[in-house]
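Q: Predicted model and sequence follow; I will ask about them next.
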Amino acid sequence: MNKLNTALKKSLKLETSTSRTILELVDGRREELEFKQERPTEFTVSDSEFSIKSGIDVEVEIQNVDLVATSKVLWPGKEIRVRGGIDGQGETIKARAKIPVNSTINNGVDAESFLYWVIETPEGALHNKKPIYMKGLIKGLPPKDAVFHSQDVVPIYDNNGNEAGSLYNCLQSN
């Protein structure tokens, strides 16, 4: 198998995005939260791998996510903040895209991300142990004009490890 590994490493920023998710607590209360990006999301593109048969696999490390929403149902008027990456759980978040042979990213390629969040609420911090698996179609990096959707219901936990609820119907628009 012919493969060429590259040592490409480039830092990029996604200046704006909006996100929304449904946060459901274990007691059955739930709210669709609409988040705005508090600061640009920084990420690094590296470790791309080329195969003559399958194309290019682009690996992305998301350094930070910083989102803010104002609760209308669960904690009316209170701020809910989501942090991810180095400023969240202390590690980068992984994402990747696959560029098929004889194609370019400009044609639109499938991308996926695996998000770990720390959700700061008035009742304490919550986090996911299983990634929020997001899929979307991108036409460039940074992924402007892209929409990503979550694929599963993801349990969330409090700082004592107790299940506190779940996240689902996550949507991110860049």
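A: In hand now; what should we look at? Residues are numbered from 1 along each chain as shown.
Q: Near Pro142, how many residues? Count them for me, please.
A: Neighbour count of Pro142, defined by other Cβ atoms under 10 Å: 18. Backbone N, C-alpha and C define where each C-beta goes, glycine included.
Q: Could I get the contacting residues of it?
A: Residues counted as contacts of Pro142 (Cβ atoms under 8 Å, 6 or more residues apart in numbering) are 12-15, 43, 174.
Q: gap between the residue lying closest to Gly88 once chain neighbours are set aside and Ala111?
A: Leaving aside its chain neighbours, Gly88 sits nearest to Val118 (4.4 Å; criterion: Cβ to Cβ, 6 or more residues apart in numbering). Plainly put, Val118 is 23 Å away from Ala111 if you go by Cβ to Cβ, to the nearest Å.
Q: Please apply the same query to Val68.
A: For Val68, the distance to Ala111 (Cβ to Cβ) stands at 24 Å.
Q: Then Ile80?
A: 26 Å.
Q: Please apply the same query to Pro122.
A: Pro122 sits 34 Å away from Ala111, going by Cβ to Cβ.
Q: Looking at the two now, which is surrounded by more residues?
A: Set Pro122 next to Ala111 and count neighbours by other Cβ under 10 Å: Ala111 wins out with 23 against 11.
Q: and that one, what pLDDT?
A: pLDDT for Ala111: 94.
Q: Quick one: residues contacting it.
A: Residues in contact with Ala111, defined by Cβ under 8 Å, 6+ apart, are 95-98, 135-138, 143, 146, 148.
Q: Apply 10 Å and report the result again.
A: Shown in contact with Ala111 (Cβ atoms under 10 Å, 6 or more residues apart in numbering): 58, 60, 95-99, 105, 134-139, 141, 143, 146, 148.
Q: repeat for Leu171
A: By Cβ under 10 Å, 6+ apart, the contact set of Leu171 is 18-22, 32, 34, 134, 136, 147-150.
Q: Can you pick out the most distant pair from those?
A: Glu32 and Gly136 (19.3 Å; Cβ to Cβ).
Q: related to what we said a few turns ago, which among the contacts of Leu171 count as buried?
A: Buried residues within those, counting neighbours by 16 or more other Cβ atoms under 10 Å: 19, 21-22, 134, 136, 148, 150.
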